[in-house]
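Novice: Structure for the following, please:
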Amino acid sequence: MTLCPIALAAGCARCPAFKVCPLKTVLGDAPKAPPPEAKSAPARKP
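Specialist: Next comes the predicted model:
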């Protein structure tokens with residue numbers, strides 16, 4: 001749910017504080033970052 005007045009009017013991407021906003025995924029319309037992928041163990045050579 002978008003609560004930020006700038007995100008409602010113009011969107012998070014157009015906000016001047018987008019890079020430093022800690023709540024852009026909570027209050028704004030920015031998508032959440034995908035979870036980090038698990039690194040697989042390297043194949044062992046016999």
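Novice: what stretches of this structure score poorly on pLDDT?
Specialist: Where the chain drops to pLDDT under 70, the residues are 1, 36, 38-46.
Novice: try 80
Specialist: 1-3, 7, 12, 23-46 (pLDDT under 80).
Novice: Can you give me the buried ones in stretch 7-21?
Specialist: Buried residues in stretch 7-21, counted by 16 or more other Cβ atoms under 10 Å: A7, C12, C15, C21. Backbone N, C-alpha and C define where each C-beta goes, glycine included.
Novice: Could I get the contacting residues of the second one?
Specialist: Counting by Cβ atoms under 8 Å, 6 or more residues apart in numbering, C12 makes contact with C4, I6, F18, C21, K24, G28, D29, A30.
Novice: now do the first one
Specialist: With contacts taken as Cβ under 8 Å, 6+ apart, A7 has the following neighbours: C15, K24, L27, G28, D29, A30.
Novice: if we can go back for a sec, which of the buried residues of stretch 7-21 fall in strands?
Specialist: Assigned to strands by DSSP state E, none of those qualify.
Novice: one step back: any chance of the contacts of C12 in TSV, plus secondary structure and distance to E37?
Specialist: TSV is the format used below for the contacts of C12 (DSSP: H, G, I helix; E, B strand; the rest coil; distance: Cβ to Cβ, whole Å):
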residue	secondary structure	distance to E37
C4	coil	30
I6	helix	32
F18	coil	25
C21	coil	26
K24	coil	23
G28	coil	25
D29	coil	25
A30	coil	21
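Novice: Buried ones among these?
Specialist: Buried by 16+ other Cβ under 10 Å: C4, I6, C21, K24, G28, D29, A30, out of the contacts of C12.
Novice: Name the nearest residue to the fourth one, ignoring sequence neighbours.
Specialist: With Cβ to Cβ, 6 or more residues apart in numbering as the criterion, K24 has its nearest non-adjacent residue at 4.1 Å, and that residue is A30.
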